[in-house]
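Visitor: Pasting a predicted model and its sequence here:
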Amino acid sequence: MPAVSKGDGMRGLAVFISDIRNCKSKEAEIKRINKELANIRSKFKGDKALDGYSKKKYVCKLLFIFLLGHDIDFGHMEAVNLLSSNKYTEKQIGYLFISVLVNSNSELIRLINNAIKNDLSSRNPTFMCLALHCIANVGSREMAEAFASEIPRILVAGDTMDSVKQSAALCLLRLYKTSPDLVLMGEWTSRVVHLLNDQHMGVVTAAISLITCLSQKNPDEFKTCVSLAVSRLSRIVSSASTDLQDYTYYFVPAPWLSCKLLRLLQCYPPPEDGAVKGRLVECLETILNKAQEPPKSKKVQHSNAKNAILFEAISLIIHYDSEPNLLVRACNQLGQFLQHRETNLRYLALESMCTLASSEFSHEAVKTHIETVINALKTERDVSVRQRAADLLYAMCDRSNAKQIVAEMLSYLETADYSIREEMVLKVAILAEKYAVDYSWYVDTILNLIRIAGDYVSEEVWYRVIQIVINRDDVQGYAAKTVFEALQAPACHENMVKVGGYILGEFGNLIAGDPRSSPLVQFNLLHSKFHLCSVPTRALLLSAYIKFINLFPETKATIQEVLRCDSQIRNSDVELQQRAVEYLKLSSIASTDVLATVLEEMPPFPERESSILAKLKKKKGPGAVSVTELEDSKREGGELNGGGDRGPDTSAMSASNASTPSPSADLLGIRSSAPAGTAPASAGNLLVDVFSEAGPAAPSAAVNDDGFLRFVCKNNGVLFENQLLQIGIKSEYRQNLGRMYLFYGNKTSVQFASFTTSVSCPGELQSQLNVQTKQVEPLVEGGAQIQQVLNIECLTDFSDAPLLNIKFRYGGALQNLTLKLPVTINKFFQPTEMSSHDFFQRWKQLSQPQQEAQKIFKANHSMDTEVLKAKLLGLGTALLDNVDPNPENYVCAGVIQTKGQQVGCLLRLEPNAQAQMYRLTLRCSKDSVSRRLCELLAEQF
């Protein structure tokens, strides 16, 4: 930059600033400013033309006044005029004023753009840098439209000076962040990438910031940067501090550039070229070795620079997750930081080890530091460090250390900060459920959790313990005994009363043989807590009382007396009043058999994802639960839920008897439902069963039609699921139109990048079906879910299905998946009611051989009457009663609506229970429809 001459001191500006600072009051300051504004305005409007120096001085004063918080509504044109000056200081002040005070909607933008163009084409490096700085500071869309195509040319031109290249790279980065659609690299891509080989380290540092941002959005276009980045990193790492003297910071060569290079490499998977990969591994080993060397300086700047590179290298090692030796070395290095006197280093070490704990190569190495982490949880003064210690304990937990970790976390809960108690409670509940081999330990842990931190135990936690107890016969007696003992404490948390009321109402009979827990003692114990509880808890206790009447008839009179009192049947709360009145009437008029039927024991809950895990993911956001945790729970978990006993079909979804969810229904199961008088309806069946033993399938580019046939007779459910992604579906059809909602759920803690979907109609299907899609967001955060809407129009009958292709990047690797969308011809059925006479009359009219399709086949599933009816109704036809002479047969009628025509269809299904066979006959007004429907339906029964 040119030196400022002595005459550029602007004495008038200095005097004005001094006057402002000497003002004794706000009023005096405003008075002085108004006086100056009047003077400047008169100078600008005066007949005498101002020289450059005066313009600069007055524009500077306006800028200072603006920075004091006052509005400036004049002087913009004078600032624009300064841009045409050939003096650096005048041009500099003009650009500074414009950068601060001119907005993108200003009428002066065209004049400003012309001045910037002149400076960019002037080839004067100082003026070019000023223009580039102004573009970057304003960063408006208008600036991007005007200069986005010009700046890359300046950046890669051979005669551009290094300082201008640096400014151009950072200016282009700014424009790309504000208007990415306008910054198209195209032909400049390879030349921009090759800036990594530039001799000037400043140019490389600026260029790598640009390349990293571009690579995150368009990784394939910039993949050639990997080898160049490795080469540049190798030269820096292997150099001595004297080799890069101008870029050495406290004996650490080019620390900022090294960190940026390591961060760039994290945008890509490990290099495929063996030589490049070997060179990179060598660099990482060198960085780890240097971390062990004695420091060359005692100054904090030296250690900060050195550790910054080390942590970025460890992040890259974790990202690749393919070098066991490096992972273990990284873990050992982080272990040394766990006891470092610097709090920030301890925090970063704990955070990085949380990620390392999810790798199969380094999990065992992380576990060796368990005592140090437990000590950090107990003794750290900084709450954020304690929270990271709790996260690491959660991440390193497995079957071998679960009891120790849960015990330590429970112990810590008693003195934990209020800000992290709820999260700690969720983690303890998840670990206790996930790794329990002894159900009595699980029940003890959850009840202890409620006792210690009852206010922070969310509904999901006590819902879950009830679901587990109901699903496991072998723990019910122990749970009843334990909760009975817990309720005897004088101060008992309301959540404990809820659990106690529910479990004793269901299984109190299992401990009633002991005189110390006789039926009347159980009732009196529960009722002693009644008046201290909230309305929802009282409602639950009233339900427990009516269950007691069924379990223990000898308590009937006592309980009826309670229900009959005015505080119940005349309660101001309508829910309590209604329950009391109805339960009293039910206990009075119902026979023992009717009472036993109405109040029978709760059936097992459907298998589902733990709502506690879903709540933790929602609370923590991305990064809360790692992929490995989900995979481990699939491999190892399952005992508590019996997940391994279920077949593959039932694990995906079972028939729903809940009300139809809205299009935005949460198919990933983030919402949970409370246990009530009946098992939760199968909104839960759409949830991920993280305890299933079935391993997830790897993504494949081949067409996956595993879930296709499951949706012939239903519209909602999980279409596809693997360890990364879950795709839920909900669809609705009316006449020849349909709407399908696809829900893409990221099951990992890592962001999906470049997420794109496309729907194609292969072959003849293009003329038979019209599918319109809405684009989805390109980024799916870890643990998040996005929705896509498809509009479908049936033009004519069809037999094929549209294909859904999904592409995204996970950890740098491209995932490619193609699925058959469950759009079948029967989705466009309109049910038709017919009498027996009309049905058989129409049946005879459709008697031509080509109009009939028939198939005799063996039953693939249970021949249950209700299941068969549900499937036939799900087909979309009307199920006609009392039509077929044989009451065992099923007949259906419907009309398929297409844009071009209507196709009438009649169906007859004849089951033979003894032979476990079916005969399926379809007659349609169009032969191709008969054949297609027959093929589809034969797989359903």
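Guide: It's in.
Visitor: CA atoms for contacts and neighbours, from now on please.
Guide: Fine.
Visitor: Run the chain-centre distance for the helix or strand where A38 lies.
Guide: Secondary structure assigned from DSSP states H and E places A38 in helix 26-45. Helix 26-45 has its C-alpha centroid displaced from the chain centroid by 55 Å (CA atoms, centre = their mean, to the nearest Å).
Visitor: ok, residues contacting it?
Guide: Residues from elsewhere that reach helix 26-45 (CA atoms under 8 Å, 6 or more residues apart in numbering): D19, I20, C23, L50, Y58, L62, I65, F74, G75, E78.
Visitor: quick one: low-confidence ranges for the chain?
Guide: 1-9, 47, 104-106, 241-243, 607-702, 704-706 (pLDDT under 70).
Visitor: give me phi/psi at the residue nearest the centre of it?
Guide: Centroid check for the chain by CA atoms, centre = their mean gives A784 as the closest residue, at 1.9 Å. Main-chain torsions, A784, degrees, to the nearest 10: phi -100, psi 170.
Visitor: now swap in N571 and tell me
Guide: Dihedral angles for N571 - degrees, to the nearest 10 - are phi -70, psi 140.
Visitor: Is the closest residue to it other than its chain neighbours in a helix, a strand, or coil?
Guide: Residue nearest to N571 in three dimensions, not counting chain neighbours: Q577, with 5.1 Å by CA to CA, 6 or more residues apart in numbering. Q577 falls in the helix class when you classify it by DSSP: H, G, I helix; E, B strand; the rest coil.
Visitor: ok, now which ones touch H76?
Guide: If a contact means CA under 8 Å, 6+ apart, then H76 has F97, I98, V102 as its contacts.
Visitor: Among those residues, which one lies nearest to S190?
Guide: I98 (34.2 Å; CA to CA).
Visitor: Most neighbours of all the contacts of H76, which one?
Guide: F97 (25 neighbours; other CA atoms under 10 Å).
Visitor: which secondary structure element contains that residue?
Guide: helix 88-101.
Visitor: Could you check how many residues crowd around P125?
Guide: There are 19 residues near P125, going by other CA under 10 Å.
Visitor: hang on, I meant P536
Guide: Around P536 there are 11 residues (other CA under 10 Å).
Visitor: so what's it up against?
Guide: Neighbours of P536 in contact, by CA under 8 Å, 6+ apart: none.
Visitor: Tell me the spacing between it and E460.
Guide: In this view, P536 and E460 are 15 Å apart by CA to CA, to the nearest Å.
Visitor: ok, now P515?
Guide: Distance, P515 to E460, by CA to CA: 34 Å.
Visitor: Between those two, point out the one with more neighbours.
Guide: Taking other CA under 10 Å, P515 and E460 do not tie; E460 has more neighbours (20 against 10).
Visitor: That one sits in which helix or strand?
Guide: Per DSSP H and E: helix 459-471 holds E460.
Visitor: Likewise for V164?
Guide: helix 162-178.
Visitor: got the buried residues for that helix?
Guide: 162, 164-176 (16 or more other CA atoms under 10 Å).
Visitor: now for that helix, which elements pack on it?
Guide: Here helix 162-178 touches helix 125-138, helix 141-147, helix 151-156, helix 201-217, going by 3 or more CA pairs under 8 Å, 6 or more residues apart in numbering; DSSP states H and E.
Visitor: TSV for those helices, including distance to S591?
Guide: What follows is those, written out as TSV (distance: least, CA to CA, whole Å):
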stretch	distance to S591
helix 125-138	82
helix 141-147	78
helix 151-156	87
helix 201-217	70
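Visitor: now for those, which one comes closest to F552?
Guide: From the helices and strands packed on helix 162-178, taking CA to CA, the stretch that ends up closest is helix 201-217, at 66.8 Å.
Visitor: Output the contacting helices and strands for that closest one.
Guide: helix 162-178, helix 189-193, helix 255-265, strand 752-760.
Visitor: so which of those gets nearest R346?
Guide: Proximity to R346 (CA to CA) singles out helix 255-265 among the helices and strands packed on helix 201-217, at 19.8 Å.
Visitor: what sits up against the very next helix or strand once past that closest one?
Guide: Remark: after helix 255-265, the chain's next helix or strand is helix 274-292, criterion DSSP H and E. Residues from elsewhere that reach helix 274-292, judged by CA under 8 Å, 6+ apart: 227, 230-231, 233-234, 237-238, 270-271, 306-307, 309-310, 313, 317, 326, 329-330, 333.
Visitor: Off-centre distance for helix 274-292?
Guide: Distance of helix 274-292 from its chain centroid, counting by CA atoms, centre = their mean, is 34 Å.
Visitor: Just the C-alphas of that helix, formatted as PDB.
Guide: C-alpha atoms of helix 274-292 as PDB (Å, rounded to 0.1, in the frame of the first residue of the first chain):
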ATOM      1  CA  GLY A 274      -1.800 -45.900  -3.400                       C
ATOM      2  CA  ALA A 275       1.100 -43.400  -3.700                       C
ATOM      3  CA  VAL A 276      -1.000 -40.400  -2.700                       C
ATOM      4  CA  LYS A 277      -2.500 -42.300   0.200                       C
ATOM      5  CA  GLY A 278       0.900 -43.500   1.400                       C
ATOM      6  CA  ARG A 279       2.200 -39.900   1.300                       C
ATOM      7  CA  LEU A 280      -0.800 -38.700   3.200                       C
ATOM      8  CA  VAL A 281      -0.500 -41.400   5.900                       C
ATOM      9  CA  GLU A 282       3.200 -40.400   6.200                       C
ATOM     10  CA  CYS A 283       2.200 -36.800   6.700                       C
ATOM     11  CA  LEU A 284      -0.300 -37.700   9.400                       C
ATOM     12  CA  GLU A 285       2.300 -39.900  11.200                       C
ATOM     13  CA  THR A 286       4.800 -37.000  11.100                       C
ATOM     14  CA  ILE A 287       2.200 -34.700  12.700                       C
ATOM     15  CA  LEU A 288       1.500 -37.200  15.400                       C
ATOM     16  CA  ASN A 289       5.300 -37.700  15.900                       C
ATOM     17  CA  LYS A 290       5.800 -33.900  16.200                       C
ATOM     18  CA  ALA A 291       3.200 -33.700  18.900                       C
ATOM     19  CA  GLN A 292       5.400 -36.000  21.100                       C
END
